[in-house]
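Colleague: A structural model of the following input is requested.
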Amino acid sequence: MSVKNTSFPLGSSQPTAIDHPFPPAVNRLSFFTDNRYAPLLLIGAYYLGSSLLLRLVLFVAFGLPADAHLRSLPAVLAVGALYNGIELCSVLVPCSLYLLLMPQRRHRSLAGRVLLGALVWCSVFAILYLAVVQFYFFQEFSSRFNLVAVDYLIYPHEVFINIFQSYPVVGVLIAVAALASIALKMHWRFIRETTLDASPFSRRVRFFLGHTAALALCAAFFSTHSFDFSENRVVNEITIDGLSSFFEAFRTNDLNYANYYRTGDLRYLEKILAAQLANDPSRSAPDPSDLTRVAVGSHKGLGKLNVVVIVEESFGCEQVDTCGQGLDIDHSIAAAKDTLTPHFDALARQGVFFNKAYATGTRTVRGLEAITASFPPIPSESIIKRPGSEHIATWGKTMRENGYHTSFLYGGFSPFDNMKSFYAGNGFAISDRMDIINPQFTNIWGVCDQDLFKHAQQYFDQRAAEKRPFFSIIMTTSNHSPYTFPA
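Modeller: Got it, this is the predicted structure:
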C-alpha cells in the first residue's frame, strides 16, 4: 500500500479554505462551512425552530381550549412554516445588508468576527425573546401581535412599565440572554469560518439583489392571512406569523373587525331592529323605514340632579357576582363560586342593574365612546383616537344644553389614548393626575381609586358652590394590571 506524502515544504503555498482542493461535489457542501452568507442559514434555522415550538405551545395552551381540533395541527404546522419562511425574507434583511457592506479585510479580522458574532447573538436573542413575548400577548388577547401592540409603542412610558410590573421581564431577559450566549458558543467556530470566504463585492451585490427581489415578491403576493384555512379565528391566529401581523397592523392601522366583533346579514338585522323599534312605546314616530329612535322623557322630570358616571376599569361580567349569565340578582349571587363584589351586589339590589348588557369592545376607549357618545364600535380605531371627533353629539352636549357643567375626571394622565383631546374637544372640563395633590398611592397608571374619589368629591364641592348642576364621567385605574393598591 502506498501512502501519498501530504507534507508541504517550508515556504510553499498550503491550501486554505478558499483554495477548494476538493472535487466539485464536495465543494458544493462548503456553502454550509465557509460561505460568507452561511450565518443567514443559522439565523433562519433558529427562527423557524422557535416559531415551530411556539406554535405547538400556542395550540396546546390556547387552541385546544378554543375548540381547535387536534386533527388540524398538521395543517397549522405546515401552513405556519410557510408563513414563517415568507417572513424570514424580512427577518434576514439586517444581516444580509451587513454582509453586503462589510469589506472582506475587516470581515476576516478579529474585530470583524466579533462583530459578526454579536450580530448573530442579537438576532438569536431577539428571535427567542419575541417568541416569549408573543406567548404572553396571546395569553391576554387571544391573538398574535395586532393593532393593540402597535398602540403600545405610542405610549411606551405607561405600557412598558406596566409590563415590567406585571410580567417576569427581568427573568425572561436573563434566560433568553443565556440561551443566546450558549448558541453563540456552540456555533462560534462555524461563524468564524464563514469569514474566510473571499466573496467579491459584485457577488455580494448579486446575492443582495436576489434577496431584495425575493422580499419584493413575498410582499407583493402574500399577506399575513393569505393562507387562512380554518373557520376558527384562534386557529388562524396560531398559524400566522407574529412579526408579519405586527407590521401589517403598523402599516394599515387596522384591526380585523369581523374577527373581533360579531356580525350578521345586514338586511336581516335591520328587519329585527325595525320590528323592535316599531313596538317601542317611547318612540314618537315609529316609521318602519326610519331607524331613528326618539325617547320622550316624563314631563314631570326629576329636577336638575347632579349626575356622576363612574367607569370602572376592566370590570368585566366575569368579576361581578350579580351578572350570573342573565339570572336575577339573588340567584346570580347564590350561584357564584366566590363572592368577589359584595358592595357592588348591594348597590345592584338598591338600583337598576342591567344583567343582560354586553360590552361594545375589549378596550377601555371602546367603552368610553359607547358611554359618552352612544357610539357602537367601528372598524379599526375608536372615535376617541380618531381625528375629527370634536364637537360631536355626546351625552355631555345634551347635558350642557340643559344648563349642566360637564367634566371628565381621570386618575391617570389624560393624554393617554387621546382621552384629553377627545373630551376637551367635546366641551368637557378635564381634571386628571396632574390636579391630584399628595395622593396616598400611585402606580404607573395613576392614583388609586380612593385618591381619585376623594379628589372628585372636592371637585364636585367646588361645582356645587357655583350653584350649577354638574355632569361628570369618572374613569378609574386601580382595576388594571399590575393590580397594585394601598396596603
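Colleague: so who does S431 touch?
Modeller: Taking CB atoms under 8 Å, 6 or more residues apart in numbering, we find S431 in contact with S407, F408, L409, Y410, H455, Y459. Any C-beta I mention is one placed from the backbone N, CA and C, and that applies to glycine too.
Colleague: And the pLDDT at the residue nearest the centre of the chain?
Modeller: Centroid-nearest residue in the chain: A149, 2.8 Å away (criterion: CA atoms, centre = their mean). Per-residue confidence (pLDDT) for A149: 88.
Colleague: residues touching it, list them.
Modeller: F137, F246, A249.
Colleague: Show the end-to-end separation of stretch 188-203, please.
Modeller: The separation between the terminal residues of stretch 188-203, taken as CA to CA, to the nearest Å, is 25 Å.
Colleague: What's the mean pLDDT across it?
Modeller: The average pLDDT for stretch 188-203 rounds to 89.
Colleague: between the contacts of S431, which is nearest T394?
Modeller: F408 (10.6 Å; CB to CB).
Colleague: In a helix, that closest one, correct?
Modeller: No: assignment of F408 by DSSP: H, G, I helix; E, B strand; the rest coil gives strand, placing it outside any helix.
Colleague: my guess is it meets F428, correct?
Modeller: Yes: shown here, F408 and F428 form a contact pair, counting by CB atoms under 8 Å, at 4.4 Å.
Colleague: all strands of the protein, in order?
Modeller: Under the criterion DSSP state E, the chain contains strands at 307-311, 405-410, 429-431, 442-443, 446-447, 470-475.
Colleague: Tell me how many other residues crowd the nearest residue to L82 once chain neighbours are set aside.
Modeller: If the residues on either side of it in the chain are set aside, L82 comes closest to F227, at 6.5 Å by CB to CB, 6 or more residues apart in numbering. F227 has 17 neighbours, counted by other CB atoms under 10 Å.
Colleague: Could you pull up the residues touching F227?
Modeller: By CB under 8 Å, 6+ apart, the residues touching F227 are V79, L82, Y83, T239.
Colleague: Tabulate the residues you listed in TSV, adding columns for pLDDT and distance to Y483.
Modeller: What follows is those, written out as TSV (pLDDT from 0 to 100; distance: CB to CB, whole Å):
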residue	pLDDT	distance to Y483
V79	97	38
L82	96	40
Y83	96	35
T239	97	33
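Colleague: returning to that earlier point: same list (the contacts of A149) but as TSV, adding distance to R400, pLDDT and neighbour count.
Modeller: Shown next, in TSV, are the contacts of A149 (distance: CB to CB, whole Å; pLDDT from 0 to 100; neighbours: other CB atoms under 10 Å):
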residue	distance to R400	pLDDT	neighbour count
F137	41	94	20
F246	42	93	21
A249	37	89	22
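Colleague: pLDDT value on the residue nearest to L82, please?
Modeller: Reported pLDDT for F227: 94.
Colleague: okay, and the common contacts of F408 and F428?
Modeller: I473.
Colleague: Buried ones from the contacts of F227, can you make that a PyMOL selection?
Modeller: Here is the PyMOL selection string for the buried members of those, based on 16 or more other CB atoms under 10 Å:
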select buried, resi 79+83+239
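Colleague: out of the contacts of F227, what pair is the most spread apart?
Modeller: Maximum pairwise distance among the contacts of F227 (CB to CB): 9.3 Å, between L82 and T239.
Colleague: Quick one: low-confidence residue ranges for the stretch 201-350 of the chain.
Modeller: 281-297, 301-302, 325-327 (pLDDT under 70).
Colleague: make it 90
Modeller: 249-267, 269-304, 313-350 (pLDDT under 90).
Colleague: What segments of it are helices?
Modeller: Ranges of helices in the stretch 201-350 of the chain, per DSSP state H, counting those that start in this stretch, are 201-221, 233-239, 242-252, 257-260, 266-278, 329-335, 342-350.
Colleague: So what touches the fourth one?
Modeller: Pointing back at helix 257-260 there. R233, T263, G361, T362, P377, I378, P379, S380.
Colleague: any low-confidence regions in the stretch 351-487 of the chain?
Modeller: For the stretch 351-487 of the chain, the ranges with pLDDT under 90 are 351-364, 366, 374-383, 385-389, 402, 416-417, 442-446, 468, 478-487.
Colleague: quick one on the thing from earlier: quick one: which of the contacts of F227 is nearest to A183?
Modeller: For those, the nearest to A183 is Y83 (23.4 Å; CB to CB).
Colleague: The nearest residue in space to that closest one that is not next to it in sequence: what's it in contact with?
Modeller: Spatial nearest neighbour of Y83, chain neighbours left out: D241 (4.3 Å); criterion: CB to CB, 6+ apart. Each residue near D241 by CB under 8 Å, 6+ apart is listed here: S51, G80, Y83, N84, I86, E87, R144, T224.
Colleague: at 10 Å what do you get?
Modeller: 47, 51, 55, 80-88, 90-91, 134, 144-145, 224, 247-248 (CB atoms under 10 Å, 6 or more residues apart in numbering).
Colleague: N402 too?
Modeller: Contact analysis of N402 by CB under 10 Å, 6+ apart lists K304, P469, F471.
Colleague: Look up which residues are beta-bridged to the last one.
Modeller: The one in question is F471. V307, T406 (DSSP bridges).
Colleague: What number of neighbouring residues does it come out with?
Modeller: 22.
Colleague: so of the strands of the chain, which one's packed in deepest?
Modeller: strand 446-447 (a mean of 25; mean count of other CB atoms under 10 Å).
Colleague: That strand: partners in the sheet, and parallel or antiparallel?
Modeller: strand 442-443 (antiparallel).
Colleague: Show me what the strand it pairs with is in contact with.
Modeller: 158, 161-162, 165, 411-412, 433, 436, 448, 451, 477-478, 480-486.
Colleague: Of the contacts of N402, which is the nearest to D67?
Modeller: F471 (44.5 Å).
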